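*Asks:* can't give you the sequence, but here's the structure:
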DNA sequence: AATGAATGAGGATTCATTCAT
DNA sequence: TATGAATGAATCCTCATTCAT
């Protein structure tokens, strides 16, 4: 057989890497970062420990790559047209997307929440996250200001907290959580 | 010389125990249960590892005692008169207490949130926690039903999520979080 | 470079495993199970503590594998043709083998005796051991019955005790113990 | 109340000491020396750890005192009239005593056997023991020589081993072991 | 004489990481 | 690229012993 081309190798590498990251994501989210051993991740991914270190230079590096991988998608839903003005429809769209995202990526959410509570790890991601959240909060506050709220900033913060809280609760019982009804309730009450 | 009296020993034990629990609570909340070693807790508490085991029969026992210690106070604020009917004033009182509690016990909150995300550890507390929450959600749903909500259950769940979310956000920036204004907003909007 | 083949790994494992078991057998027999630390076994075997756990999942597992390893040979000498009837020649053959075994495996004997006296450890082996001994005692009692003994069962028990006692005494002074002469004496007196 | 006299104190000390030794003997014999902790011995004896160290300067010292305490009685039965000549009646008397001793002191036997197998501990007692056993073996060999045995020394060794073996077996099942029948068998066959 | 709090060394075990092949 | 043997530091925990009271 002819030797593989560089592209083929590159592709194999990419596949393997995702395969490992997927397994690791699941384990980190399910059992926690500390409680997931490299050995068990490698075993689950059906590769050797040595090979894993060929793709990730450390356990922490593996975590970072997983988190950053899922991060971008999530951020892309904050104020989609980036004009700083949130219309009613955009807000609804955003809520819809937010819940859809939550639904599709429970496991990522679980991981993010758990990481947020481990300061040493969270320090790594906090800046990026804060940077992405801040403008959204401003936009949201302005939305409520236009609607004549008595304390637009507090209202924005409250809505932000609510979304966090729902995500937080949802990850524990994704199967029975009435996500759609809660979504509707938010739209009725807060848009 | 005569040995210490039972009371003297009792007092020493009580003091030491609290000293250890305080240090451990802080470490567990700050770095997570798994990442906090018995060695570091003992070092921080300025005692030997061995002594810690004189007071707690295992690391898990230490955690349990810390969590259960803080649990009681928290539970006492759910529907104070226990009649299953939540009046407007009781609801406001509850919200006020909830926020006061949050304020005074940030660190306990941090610990609870972090525990919830460590499935293997959370198993230990989930039952008690669920048992305590359930009646409150029922009571809350009935409150909204009486107010004529279109979907009382979803509304109760949403409020629950919001309180969780606020707690969650608050623990990250207790110093600048506008807890009072958010509290007022909740009372305006949800009571 | 290519990784080792499965066979190469298999061979390494087999070698190492025996190396560890040999050292551990000696230490367990010499100093007792409780008094032999994994650290010292690893040191003696010139490997790291960690590696030992690559081959045995616990200290207890190490012991079990050692004991069961030596067990099979020993059992194969009880009533070789398994018909439940012990002829004079078979009895002599058995005695001969028993002493030969003792001679070759002093250290295993020493281990067995020492294990029998550590109730918590012995629980692990007692059932298998009893199971192996019982039919032999029955066979032996029948042998003496056929010979017209007044109390065949007591005689069988006595002979069993004697063999135990000889083993027990022998392990303390294997170099000067007159094993052959005692063997002859037994054949003269008890066959 | 009048202060206690020196004798009274002495008596209390002696009582306490025996109380501790009795508890410790039982634990050492039942669970092994290594597995019996000073804490548990003190707890069982209903005294404090500190007090135990008031009577015995170390765990090893406690063991030594226990063993030496029980040693004397046992030794006194080897060739009672010390004349070096064993008559048939003396031999029978000795056997009887031996079995009686065994019966009354299973627990001491158990401890001795277990100690014999821990060389580091046994070194402490071996000399005394050997010293006591040797003349008995000589006497016994002479007894068989007088009876015209083909190999008196081997026969003496065999009988010694048998007694050891019976003791060894007896301690594991004192309740069901047919001590009397075995004793009778020995007298029939070896006296 | 008596207590039990306190220590610290040592025990079994786990695991991220390295490396020869 | 791929393997898993090998390491050693760190983990939780136990226990003989000391000591202030």
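*Replies:* Great, that's in hand. The model shown is predicted, which means the values in this text are computed figures rather than measured ones.

*Asks:* contacting residues around the residue in chain A positioned nearest to chain B?
*Replies:* Of the residues in chain A, the one nearest chain B is residue A:165, at a distance of 2.8 Å by CB to the nearest CB. To be clear about C-beta, it is placed using only N, CA and C from the backbone, and glycine gets the same treatment. When the contact criterion is CB atoms under 8 Å, 6 or more residues apart in numbering or on different chains, the partners of residue A:165 are B:160-166, B:168.

*Asks:* again, only this time at 10 Å
*Replies:* Taking CB atoms under 10 Å, 6 or more residues apart in numbering or on different chains as the definition of contact, the neighbours of residue A:165 are B:157-169.

*Asks:* swap in residue A:62?
*Replies:* Here residue A:62 is in contact with A:17, A:20-21, A:24-25, A:28, A:33, A:36, A:38, A:41, A:52-53, A:55-56 (criterion: CB under 10 Å, 6+ apart).

*Asks:* How about the residue of chain A closest to chain B: what's its closest non-neighbour residue?
*Replies:* On the basis of CB to CB, 6 or more residues apart in numbering or on different chains, the spatially nearest residue to residue A:165 that is not a chain neighbour turns out to be residue B:165, at 2.8 Å.

*Asks:* What's the first helix or strand after the helix or strand where residue A:22 lies?
*Replies:* Assigned by DSSP states H and E, residue A:22 belongs to helix A:6-31. Using DSSP H and E, the next helix or strand after helix A:6-31 towards the C-terminus is helix A:38-44.

*Asks:* which element follows that following helix toward the C-terminus?
*Replies:* helix A:49-55.

*Asks:* Go through that following helix and flag the buried ones.
*Replies:* For helix A:49-55, a neighbour-count test (16 or more other CB atoms under 10 Å in any protein chain shown) marks A:52, A:55 as buried.

*Asks:* Is any residue of it near DNA strand E?
*Replies:* Yes. Contact of helix A:49-55 with DNA strand E (CB under 7 Å from any atom of the strand) involves A:49-50, A:53.

*Asks:* Just the mean pLDDT for the helix or strand following that helix, thanks.
*Replies:* Next along the chain after helix A:49-55, taking DSSP H and E as the criterion, comes helix A:59-75. Average pLDDT, helix A:59-75: 85.

*Asks:* Wondering if helix A:59-75 reaches DNA strand F at all.
*Replies:* No. When contact is scored as CB under 7 Å from any atom of the strand, no part of helix A:59-75 falls within range of DNA strand F; the minimum is 12.3 Å.

*Asks:* what is the orientation angle of that helix with helix A:6-31?
*Replies:* For helix A:59-75 against helix A:6-31, the angle between stretch directions is 90 degrees (axes from the mean of the first three to the mean of the last three CA atoms, to 10 degrees).

*Asks:* Show me how far helix A:59-75 is from its chain's centre.
*Replies:* Centroid separation between helix A:59-75 and its chain, computed with CA atoms, centre = their mean, to the nearest Å, is 9 Å.

*Asks:* In chain A, spot the helix with the most residues.
*Replies:* Longest among the helix segments of chain A by residue count, using DSSP state H, is helix A:119-146.

*Asks:* quick check: angle from the helix or strand following that one to helix A:119-146?
*Replies:* Toward the C-terminal end, the helix or strand that comes next after helix A:119-146 (DSSP H and E) is helix A:152-170. Per the same axes, to 10 degrees, the angle that helix A:152-170 makes with helix A:119-146 is 130 degrees.

*Asks:* In chain A, where is pLDDT below threshold?
*Replies:* A:1-5, A:75, A:77-84 (pLDDT under 70).

*Asks:* need the residues of it near DNA strand F, please.
*Replies:* Of all the residues in chain A, those in contact range of DNA strand F (CB under 7 Å from any atom of the strand) are A:9, A:12-13, A:16, A:47-51, A:53-54.

*Asks:* May I see those organised as TSV, with distance to residue C:3 added?
*Replies:* Written out in TSV, the entries for the residues of chain A next to DNA strand F read as follows (distance: CB to CB, whole Å):
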residue	distance to residue C:3
A:9	18
A:12	17
A:13	18
A:16	16
A:47	12
A:48	8
A:49	12
A:50	8
A:51	10
A:53	14
A:54	12
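
*Asks:* Surely residue A:98 is in contact with residue A:182?
*Replies:* No. Using CB atoms under 10 Å as the test, residue A:98 is too far from residue A:182 to be in contact (11.6 Å).

*Asks:* So for those two, which residues contact both of them?
*Replies:* Taking CB under 10 Å, 6+ apart as the contact criterion, the residues that touch both residue A:98 and residue A:182 are residue A:166.

*Asks:* How many neighbouring residues does residue A:100 have?
*Replies:* 13 (other CB atoms under 10 Å in any protein chain shown).

*Asks:* and it, how far is that from DNA strand F?
*Replies:* Taking CB to the nearest atom of the strand, to the nearest Å as the criterion, residue A:100 is separated from DNA strand F by 35 Å.

*Asks:* tell me which element that residue is part of?
*Replies:* Using DSSP H and E, residue A:100 maps to helix A:88-104.

*Asks:* Can you give me the buried ones in the helix or strand just after that helix?
*Replies:* In the C-terminal direction, the helix or strand that comes right after helix A:88-104 (DSSP H and E) is helix A:106-116. In terms of neighbour count (16+ other CB under 10 Å), helix A:106-116 has its buried residues at A:106-116.
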